[in-house]
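**Q** Got a predicted model here, sequence first, then my questions.
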Amino acid sequence: MPGTIRRVTAVATACVAATSAALLSTAPASAAGGWDITPGGNFTATASPWQATDAGTGGTLSCSSLILRGQLLSGVAPTSAIGEFTGATFSNCSGGGGAFPLSLSLTGVPWGISATGYDQASGTVSGTIGGLGVHLSGTCIADIGGATPTAAGVSFTYRNATHILTIGAAGDLHVWNVTGLCLGLLDSGDSIAAEAFDVEPPQNIVPAG
């Protein structure tokens, strides 16, 4: 991807997928003493451009820029709840390589951020984003969310050294409620593979203590 956006292989949050087992094989299941977050506070997660691909159809969704906004606790977070996503800005979004102009909007905000695992060797935090939902409107109408239409969360990983956030690459990001003239772009129930995000300011999230 051009620009400052960098990729990092994502891993599962609670049950580690076979393709990512090596990355988290030494990770504790949780941080019993909470999390130490520096600097915390307001942050953005940017993918410019952003693209997501339907694994079943091969259809693509894209935006020239997608900026997620959120807040993290500063210092020690005593539990797995470390922050939340509060909003987003989508620019020039379409489907099928520009064939379908689309409007995207968040649903269910704020999305709570819970950190549940840490791989010390790679400095990678794993966890869940609760309530994640994105609504697509236009000629093609659909929703992006969890592994089921009512799933409570989607996995994430965040690598401290590269400040790259990956959402749903454990295979639990899916498309639902597809209607309208999508013409094979999306199918309800298909998994979605999406681009990673660059987090600014860079955050360092490690087990407390």
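**A** Great, that's in hand.
**Q** alpha carbons only for contacts and neighbour counts from here, please
**A** Will do.
**Q** Tell me the bridge partners for the residue positioned nearest the centre of the chain.
**A** Closest to where the C-alpha atoms of the chain average out (CA atoms, centre = their mean) is Ile167, at 2.1 Å. Applying DSSP bridges to Ile167 gives these bridge partners: Phe156.
**Q** and it, what does it touch?
**A** Each residue near Ile167 by CA atoms under 8 Å, 6 or more residues apart in numbering is listed here: 10, 154-157, 173, 194, 196.
**Q** Pairing partners for the helix or strand that contains Asp36, with directions?
**A** Taking DSSP states H and E as the definition, Asp36 sits inside strand 35-38. Strand 35-38 sits in its sheet next to strand 75-77 (antiparallel), strand 204-207 (antiparallel), going by DSSP bridges.
**Q** related to what we said a few turns ago, any chance of the contacts of Ile167 in CSV, plus neighbour count, distance to Pro207 and pLDDT?
**A** As requested, these are exported to CSV (neighbours: other CA atoms under 10 Å; distance: CA to CA, whole Å; pLDDT from 0 to 100):
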residue, neighbour count, distance to Pro207, pLDDT
Ala10, 26, 19, 34
Val154, 26, 21, 96
Ser155, 27, 18, 96
Phe156, 25, 16, 97
Thr157, 27, 15, 97
Leu173, 25, 26, 96
Ala194, 20, 27, 93
Ala196, 29, 23, 96
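**Q** for this protein, longest strand please?
**A** Looking across the chain with DSSP state E, the single longest strand is strand 81-95.
**Q** quick one: the helix or strand following that one to strand 81-95, angle?
**A** Later in the chain than strand 81-95, the nearest helix or strand by DSSP H and E is strand 100-107. If you take axes from the mean of the first three to the mean of the last three CA atoms, to 10 degrees, strand 100-107 sits at 160 degrees to strand 81-95.
**Q** Render the CA-only coordinates of strand 100-107 in CSV, please.
**A** Provided in CSV are the C-alpha atoms of strand 100-107 (Å, rounded to 0.1, in the frame of the first residue of the first chain):
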residue,chain,number,x,y,z
PHE,A,100,-20.9,1.4,-7.2
PRO,A,101,-20.6,4.8,-5.3
LEU,A,102,-21.3,4.0,-1.6
SER,A,103,-21.9,5.9,1.6
LEU,A,104,-20.5,4.3,4.7
SER,A,105,-21.4,5.0,8.3
LEU,A,106,-20.7,3.5,11.7
THR,A,107,-23.4,1.8,13.8
